[in-house]
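A.B. asks: Sequence first, predicted model second:
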Amino acid sequence: MSAMLKSVRGGDAPPRHFLELMDLEPAVLRRMLDVAVRAKRGELAGKPLAGKSIALIFEKPSTRTRVSFEVGIRQLGGDVVVLSSKDMQLGRGETPADTAKVLSRYVDAIMLRTDNVRKIRELAEYATVPVINGLTDVSHPCQLMADVMTFEEHRGPIAGQVVAWTGDGNNVAQSFIQAAARFGFTLRLATPPELAPPAELIAWARAQGAKVELTNDPIAAVRDARCVVTDSWVSMSDERDGRAESRHNLLAPYQLNSALLKHAAPDAIVMHCLPAHRGEEITDEVMDGPQSVVFDEAENRLHAQKGVLLWALGLA
């Protein structure tokens with residue numbers, strides 16, 4: 001890399017990747033959220049991403065991730081290059097390492113949304129610019145930053161509160177486990193035994209001092225919780241593999257409906273990262289009801305990711 005590019009991108013300092021919440025200290029994550037709140041209030045001065053170009057790579061379809069990142073970058077004054085696996089040699093056999101080395105010479109940061117967590121880890125290993133996790137098969141940290149921001153908008157500090165998860169122990173649930181360790185809330189997860197989150201992740205969180213409770217009883221998980229969260233039961237890979245019907249049978253007792261919500265705290269809020277399969281994991285009555293903050297949560301992806309981007313680029 002030329003001396004000029006080194007000076008633009010921070011010399012030989014390692015890039016600030018945003019891959020997993022567990023990689024970062026609570027104070028760092030809190031700094032990003034503070035920036036996100038200021039961004040939402042319109043308190044950020046000028047165009048801090050002016051002269052910066054960000055590559056957004058999508059190997060999975062996206063509505064919220066694509067629009068929130070693209071709009072957020074433009075609002076901050078940056079330029080965006082949006083790529084899909086169909087547009088890139090990465091989808092035709094080029095390695096993530098080679099892709100990282102090339103893109104690092106063109107752009108100032110890379111966001112990747114992919115099924116395969118190994119791809120983003122390899123991308124980050126070889127990139128000399130920040131890499132941001134826009135979703136993998138094991139985590140969704142940008143979503144959790146928006147979720148914590150949303151909770152605190154509505155109910156104040158999340159530390160010490162009880163959050164309940166009902167449904168599949170999927171990638172979003174796994175990021176909730178990491179968030180419990182980093183933001184100090186109690187997390188109760190109700191999943192079928194076959195769909196529980198990884199035991200090693202639970203062990204890590206508890207070793208960090210997190211209060212993470214596992215159960216197969218959604219009522220026990222939800223009881224007196226201040227926030228109840230669910231997510232879709234079936235991913236596109238499950239549909240392709242013909243596993244949708246069996247997963248529905250396992251998860252039907254975990255539906256977030258008005259009967260289940262009655263067991264939560266009276267002022268509990270409801271979250272769902274979207275897209276929702278209405279009538280499956282969540283009912284219309286709950287999703288459109290007075291306790292739902294689902295669309296505030298979606299809006300906050302825009303602002304939370306501004307905090308992530310500015311931190312990653314050393315601008316916050």
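C.D. replies: That came through fine.

A.B. asks: Let's verify residue 124: helix, strand, or coil?
C.D. replies: Look at residue 124: counting by DSSP: H, G, I helix; E, B strand; the rest coil, its state is helix.

A.B. asks: What number of neighbouring residues does it come out with?
C.D. replies: 22 (other C-beta atoms under 10 Å). For every residue, glycine as well, the C-beta is placed using N, CA and C.

A.B. asks: mind listing what it touches?
C.D. replies: 15, 17, 19, 100, 131 (C-beta atoms under 8 Å, 6 or more residues apart in numbering).

A.B. asks: ok, now residue 259?
C.D. replies: So residue 259 contacts nothing (C-beta under 8 Å, 6+ apart).

A.B. asks: what is the mean pLDDT for the strand or helix carrying it?
C.D. replies: Counting by DSSP states H and E, the element that carries residue 259 is helix 258-261. Regarding helix 258-261, the rounded mean pLDDT is 98.

A.B. asks: And for the next helix or strand after that helix, what's in contact with it?
C.D. replies: Going down the chain from helix 258-261, the next helix or strand is strand 269-272, by DSSP H and E. Residues from elsewhere that reach strand 269-272 (C-beta under 8 Å, 6+ apart): 147, 150-151, 154-155, 226-231, 256, 261, 281-282, 286-287, 289, 291-294, 297.

A.B. asks: how much distance is there from the helix holding residue 259 to the middle of the chain?
C.D. replies: Once both centres are worked out by C-alpha atoms, centre = their mean, to the nearest Å, helix 258-261 turns out to sit 26 Å from its chain's centre.

A.B. asks: Take the contacts of residue 124 and keep only those in strands.
C.D. replies: residue 131 (DSSP state E).

A.B. asks: from the contacts of residue 124, which two are the most distant?
C.D. replies: The span of these, defined through C-beta to C-beta, is set by 19 and 100 at 13.0 Å.

A.B. asks: Find residues that contact each of those two.
C.D. replies: Residues touching both residue 19 and residue 100 by C-beta under 8 Å, 6+ apart: 124, 131.

A.B. asks: quick one on the thing from earlier: can you say which of the contacts of strand 269-272 are buried?
C.D. replies: 147, 150-151, 155, 226-231, 256, 261, 281-282, 286-287, 291-294, 297 (16 or more other C-beta atoms under 10 Å).

A.B. asks: among those, which are in strands?
C.D. replies: Those of the buried ones among the contacts of strand 269-272 lying in strands (DSSP E): 227-230.

A.B. asks: ok, these vs residue 202, which is closest?
C.D. replies: Nearest member of those to residue 202, counting by C-beta to C-beta, is residue 229, at 16.8 Å.

A.B. asks: show me the contacts for the closest one.
C.D. replies: 147, 163-166, 172, 176, 270-272.

A.B. asks: and what of residue 291?
C.D. replies: 261, 268-270.

A.B. asks: between these, which has the most around it?
C.D. replies: Counting by other C-beta under 10 Å, top hit in the contacts of residue 291: residue 269 with 24 neighbours.

A.B. asks: Check the contacts of residue 291 and tell me the two furthest apart.
C.D. replies: 261 and 269 (10.2 Å).

A.B. asks: shared neighbours of those two, anything?
C.D. replies: With C-beta under 8 Å, 6+ apart as the test, residue 261 and residue 269 both reach 228, 291.

A.B. asks: Would you mind pulling up the elements that the lengthiest helix in the chain packs against?
C.D. replies: Longest helix in the chain, counting residues (DSSP state H): helix 294-312. When contacts are defined as 3 or more C-beta pairs under 8 Å, 6 or more residues apart in numbering; DSSP states H and E, helix 294-312 packs onto helix 26-40, helix 64-75, strand 131-135, helix 141-155, strand 269-272.

A.B. asks: State the mean pLDDT of the shortest one.
C.D. replies: Averaged across strand 269-272, pLDDT comes to 99.

A.B. asks: now it, how far from the centre of its chain.
C.D. replies: Put simply, strand 269-272 sits 15 Å off its chain's centre (C-alpha atoms, centre = their mean).

A.B. asks: Please save the CA atoms from it in PDB.
C.D. replies: The C-alpha trace of strand 269-272 is given here as PDB (Å, rounded to 0.1, in the frame of the first residue of the first chain):
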ATOM      1  CA  ILE A 269     -42.100  -4.400  24.900                       C
ATOM      2  CA  VAL A 270     -42.000  -6.800  21.900                       C
ATOM      3  CA  MET A 271     -39.200  -7.000  19.400                       C
ATOM      4  CA  HIS A 272     -38.700  -8.900  16.100                       C
END
